[in-house]
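K.L.:
pasting the sequence and the predicted model now:
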Amino acid sequence: MSSETLIILWEDSDTIHCLSAAKKNEIQYLMDMLKRVEEQKCIISARVELLRKETQDFSGAADAIEKQYCDPMIHD
């Protein structure tokens, strides 16, 4: 083998190593982003559920107030 052939193989090996490392870093970055998004989704879902429960609690109170002030039988 000539020295030029060995240099080309060595350079290709470095290139392959760099590409492999870059892909591994990209995969790790995407996995970290996915984990953060999933955590945010859980937080948002919990917040939405809390707001739904609060809305249900207030709707019951609103119905009672409406009934008390809008029902003519109560004021007579």
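P.N.:
Yes, it's here. None of the values given here were measured: they were computed from a predicted structure. Numbers count the residues shown, from 1 in each chain.

K.L.:
in the protein, which helix or strand is least confident?
P.N.:
One helix or strand of the chain scores below all others by mean pLDDT, DSSP states H and E: helix 72-75, with a mean of 56.

K.L.:
need the single longest helix in the protein, by residues.
P.N.:
As assigned by DSSP state H, the longest helix anywhere in the chain is helix 3-70.

K.L.:
output the below-cut-off pLDDT ranges for this structure.
P.N.:
1-11, 59-66, 71-76 (pLDDT under 70).

K.L.:
can we see that at 80?
P.N.:
For the chain, the stretches flagged by pLDDT under 80 are 1-16, 55-76.

K.L.:
which ones are touching Asp32?
P.N.:
Asp32 makes no contacts at all, as judged by CB atoms under 8 Å, 6 or more residues apart in numbering. C-beta here means a position set from N, CA and C on the backbone, and glycine is covered the same way.

K.L.:
distance check, it against Ile44.
P.N.:
19 Å (CB to CB, to the nearest Å).
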